[in-house]
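Participant: Structure here, sequence nowhere to be found:
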């Protein structure tokens, strides 16, 4: 079986995930290795509630892309300190082991002893240095993952650690573990060095050729358009919701917040108060505010006249 190696110069996460999906959908024979990087972004699983996984206000303010992929799983943070790899093969009996071995051999080559743990964690020195996932469709098998080389953990922590108490919803919630960058273990390691090492280990297994991806074809453009669609990312109803319960002077308010790109798109106000409340006025006033629980609380206490008449 022959190997095909492809890289892409784009750092646009919508484009890159569209290309990866196109390569998987159109794969015929041989084995493909695809190497790619994204600028700062959070890649959400298909079934996740984006607001329950990430601080959308921070992302919006700092230019971090929100991307919902076509496959399931948990939310992951990407930036140019990550290297993403994808293996694709046509084999109904395929499993992750051969590709895991290539990644482990690559890390061993640069001096890092690593192992896979649980369903999808790549560990070194008891710390997570990457994650993986795989999928099978018809006879096509895809195994992909990310390696943390010099990722911005400060941004990652701010984005991927919202308080669970803030959110209400039925979608999956992920739990992140303790992580490490490879440059903490091998101080001078670079993304390019790791790319070259993975390619070298792949070439040891398969006679390889390099192939340029036609990433401007209609199939890629159509998928990229879908990935950028706000209803795809955030849900048909701007469904990035949390529920706030706040006790005011004479009543307890229950406010359902629906957010879009970190801002309140719609609010629904409920109350146990006996007096008539100006709920519509409050709901209108909340529109456009940051979808942050502390910001909403501050607004309520500064604008009691909206509901305490």
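Facilitator: Structure's in. What do you need? Source: prediction; values computed, not measured.
Participant: Now the most centrally placed residue in the chain: which helix or strand?
Facilitator: The centre of the chain sits closest to residue 43, judged by CA atoms, centre = their mean, with a distance of 1.8 Å. With secondary structure defined by DSSP states H and E, residue 43 is part of strand 41-44.
Participant: Surely residue 224 and residue 16 touch.
Facilitator: No - the criterion here is CB atoms under 8 Å, and residue 224 misses it with residue 16 at 9.2 Å. All C-beta spots, glycine's among them, are computed from the backbone N, C-alpha and C.
Participant: Who has more neighbours out of the two?
Facilitator: Between residue 224 and residue 16, counted using other CB atoms under 10 Å, the more crowded position is residue 16 (27 against 20).
Participant: Name the helix or strand for that one, please.
Facilitator: With secondary structure defined by DSSP H and E, residue 16 is part of helix 13-26.
Participant: Next secondary structure after that helix?
Facilitator: Following helix 13-26 toward the C-terminus (DSSP H and E): strand 31-36.
Participant: Give me the contact list for that next one.
Facilitator: With CB atoms under 8 Å, 6 or more residues apart in numbering as the contact definition, strand 31-36 has outside contacts at 1-8, 10, 16, 19-20, 23, 83-89, 195, 198-199, 202, 206, 213.
Participant: Can you select the buried ones among those for me in PyMOL?
Facilitator: The PyMOL command for the buried members of the contacts of strand 31-36 (criterion: 16 or more other CB atoms under 10 Å) is given here:
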select buried, resi 3+4+5+6+8+10+16+19+20+23+83+84+85+86+87+88+89+195+198+199+202+206+213
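Participant: Tell me which of the contacts of strand 31-36 fall in helices.
Facilitator: 16, 19-20, 23, 195, 198-199, 202 (DSSP state H).
Participant: Closest one to residue 300 out of these, please.
Facilitator: Proximity of the ones in helices among the contacts of strand 31-36 to residue 300 (CB to CB) peaks at residue 16, which lies at 41.5 Å.
Participant: tell me the contacts of that closest one?
Facilitator: 8, 10, 36-38, 84.
Participant: Of these, just say which sits nearest to residue 159.
Facilitator: residue 38 (13.7 Å).
Participant: isn't there a strand covering the closest one?
Facilitator: No - with DSSP: H, G, I helix; E, B strand; the rest coil as the criterion, residue 38 is located in coil rather than a strand.
Participant: That one and residue 81, how far apart?
Facilitator: 11 Å (CB to CB, to the nearest Å).
Participant: Next: residue 196.
Facilitator: 17 Å.
Participant: Quick check on those two: which one has the bigger neighbour count.
Facilitator: Each of residue 196 and residue 81 has its neighbours counted (other CB under 10 Å); residue 81 has more, 20 against 14.
Participant: that older thread, quick one: which two of the contacts of residue 16 are the most distant?
Facilitator: Spatial extent of the contacts of residue 16 (CB to CB) is set by the pair 10 and 84 at 11.9 Å.
Participant: Now residue 77: phi and psi?
Facilitator: phi -100, psi 130 (degrees, to the nearest 10).
Participant: One more: residue 248?
Facilitator: When read as degrees, to the nearest 10, the backbone of residue 248 gives phi -100, psi -170.
Participant: ok, and the closest non-adjacent residue to residue 181?
Facilitator: The shortest distance from residue 181 to any non-neighbouring residue, by CB to CB, 6 or more residues apart in numbering, is to residue 148 (5.0 Å).
Participant: can you pull the buried residues of the helix holding residue 16?
Facilitator: Within helix 13-26, the residues scored as buried using 16+ other CB under 10 Å are 13-24.
Participant: Pull the distance from it to the chain's centre.
Facilitator: Offset of helix 13-26 from its chain centre (CA atoms, centre = their mean, to the nearest Å): 15 Å.
Participant: I'd like the mean pLDDT over it, please.
Facilitator: Helix 13-26 carries an average pLDDT of 95.
Participant: Looking at pLDDT only, which of the contacts of residue 16 scores worst?
Facilitator: The member of the contacts of residue 16 with the lowest pLDDT is residue 8, at 92.
Participant: Mind listing the residues bridging to the residue nearest to it when sequence neighbours are not counted?
Facilitator: Excluding its sequence neighbours, the residue lying closest to residue 8 (CB to CB, 6+ apart) is residue 36, at 5.2 Å. For residue 36, the beta-bridge partners under DSSP bridges are residue 84.
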